[in-house]
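**Q** Task: produce atomic coordinates for the following.
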Amino acid sequence: MAIYYDIKRRYGAPKIHHELLEIGWNVRLKRVQRRMAKLGIHSIVIKKYRHFSAHKSVAEKENMMKQEFTATGINQKWCTDITYIHTQKEG
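**A** Next up is the predicted model:
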C-alpha cells in the first residue's frame with residue numbers, strides 16, 4: 001500500500017511487483033494482482049489525448065480538387081486524410 005500511494009496510485013500490479021522485488025520482497029506477480037484485487041485498488045489510467053469540442057456545426061466546404069490529382073510541379077496540390085479524428089455526431 002505504501003508503494004501504491006507513494007506513486008500517487010498510478011502503478012498497476014506489474015510495476016508494484018517490480019518495486020517489491022527491488023526492495024527485497026520475493027513475491028510473484030499473480031500474488032500482487034490478487035492482493036490488489038482483494039484490497040480493491042487499481043492503477044489510475046490517465047487518458048493522454050483530450051479532444052475539445054467547438055459545439056458548432058461543421059459547414060460543408062467546396063471540393064476544390066474535383067478529383068483532379070495531377071500536377072505539373074512540386075507543391076501545387078496537397079491533400080490529406082483525417083479519418084483518424086473521432087467525431088461524435090456528424091460522422
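**Q** Can you classify residue 75 by secondary structure?
**A** Classification of residue 75 by DSSP: H, G, I helix; E, B strand; the rest coil places it in coil.
**Q** Count residues in the vicinity of it, would you?
**A** 6 (other C-beta atoms under 10 Å). Quick note: C-beta positions are derived from backbone N, CA and C, even for glycine.
**Q** Next: residue 78.
**A** Around residue 78 there are 7 residues (other C-beta under 10 Å).
**Q** what do you get for residue 17?
**A** Neighbours around residue 17, by other C-beta under 10 Å: 21.
**Q** Return the residue of the protein that is most distant from the centre.
**A** Most distant from the centre of the chain: residue 72, at 41.0 Å, with distances by C-alpha atoms, centre = their mean.
**Q** Could you check how far that residue is from residue 49?
**A** Computed as C-beta to C-beta, to the nearest Å, the residue 72 to residue 49 distance reads 39 Å.
**Q** Could you do residue 61 as well?
**A** Distance from residue 61 to residue 49, by C-beta to C-beta: 25 Å.
**Q** Spatially, what comes nearest to residue 14 if we skip its sequence neighbours?
**A** Leaving aside its chain neighbours, residue 14 sits nearest to residue 29 (6.4 Å; criterion: C-beta to C-beta, 6 or more residues apart in numbering).
**Q** who are the neighbours in contact with that neighbour?
**A** 13-14, 17 (C-beta atoms under 8 Å, 6 or more residues apart in numbering).
**Q** would CSV of these with pLDDT, secondary structure and distance to residue 34 be doable?
**A** Below are the contacts of residue 29 laid out as CSV (pLDDT from 0 to 100; DSSP: H, G, I helix; E, B strand; the rest coil; distance: C-beta to C-beta, whole Å):
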residue, pLDDT, secondary structure, distance to residue 34
13, 89, helix, 9
14, 90, helix, 14
17, 92, helix, 12
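**Q** buried set for the helix or strand of the chain with the lowest mean pLDDT?
**A** Here the helix or strand of the chain ranked lowest by mean pLDDT, DSSP states H and E is helix 2-6, holding a mean of 82. Buried residues in helix 2-6, counted by 16 or more other C-beta atoms under 10 Å: 3-4.
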